[in-house]
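Student: Fold the following.
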Amino acid sequence: LIRTYQKNAKAEYFAHHDALTDLPNRLLLSDRIQVAMTLAKRNSSRMGVLFVDLDNLKTINDTVSHQAGDAVLIESAKRMQASIRDSDTIGRVGGDEFIVLLPDLHSEADALLVANKILKSIAATIPFEGMELSTSVSIGVATYPDHGLDQVELINNADIAMYAAKTSGRNAIRVFGAPVLAETIKGLC
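Tutor: Take a look at the predicted model:
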């Protein structure tokens with residue numbers, strides 16, 4: 001009975017966490033965002049989402065090795081985790097993409113503070129087999145209720161802001177809004 005419970009608990013854990021970084025996966029993160037959004041609506045409070053993209057993971061994978069890329073992902077995840085509050089959640093949602101959930105924000109400035117901490121923490125080199133690997137992040141910020149009234153809209157708008165950060169030269173933070181939309185549309189034309 002105990003072995004069955006342990007086996008089921010382990011299967012449940014792996015169903016909701018990324019195997020490489022041990023962070024929540026898209027499924028668990030989505031559930032947490034939905035809970036945070038429900039509470040924000042009920043309490044007339046704010047929450048935020050950061051869409052974080054590692055800027056040069058493909059280059060590291062191609063020029064050094066996939067093991068080096070994995071090491072960068074693992075270390076970047078640890079550094080981002082150390083940059084957020086205990087009540088926040090970071091999840092890996094793609095190869096080099098992460099979403100940070102920031103429940104119970106007082107203002108957009110709080111989200112920018114966390115984004116800047118992440119930006120600075122990732123900037124430090126990462127040791128790997130005698131080498132010093134460098135990466136940076138492009139971060140998009142969207143807050144509820146200003147930049148989206150549901151999970152899909154909020155994440156999409158944070159993604160658009162991240163894309164603007166990436167196209168502006170990388171290693172940058174952009175907040176969703178009219179200037180970011182104009183910048184993104186200009187970049188598509």
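
Student: now residue 145: how far from residue 56?
Tutor: Distance of residue 145 to residue 56, computed by Cβ to Cβ, to the nearest Å: 34 Å. For glycine as for every other residue, the C-beta is placed from the backbone atoms N, C-alpha and C.

Student: Give me the contact list for stretch 167-181.
Tutor: 55, 108, 111-112, 115-116, 119, 123, 136-142, 147, 157-158, 160-162, 164-166, 183-184, 187 (Cβ atoms under 8 Å, 6 or more residues apart in numbering).

Student: can you check stretch 86-105 too?
Tutor: Residues contacting stretch 86-105 (Cβ under 8 Å, 6+ apart): 18, 20-21, 23-26, 28-29, 32-33, 36, 39-40, 45-54, 57-58, 73, 77, 80-81, 84-85, 110-111, 114, 118, 143, 155, 158.

Student: List the buried residues of that stretch.
Tutor: Within stretch 86-105, the residues that qualify as buried are 88-93, 96-105, counting by 16 or more other Cβ atoms under 10 Å.

Student: Among those, which ones are in strands?
Tutor: Judged by DSSP state E, strands contain the following of the buried residues of stretch 86-105: 89-92, 97-105.
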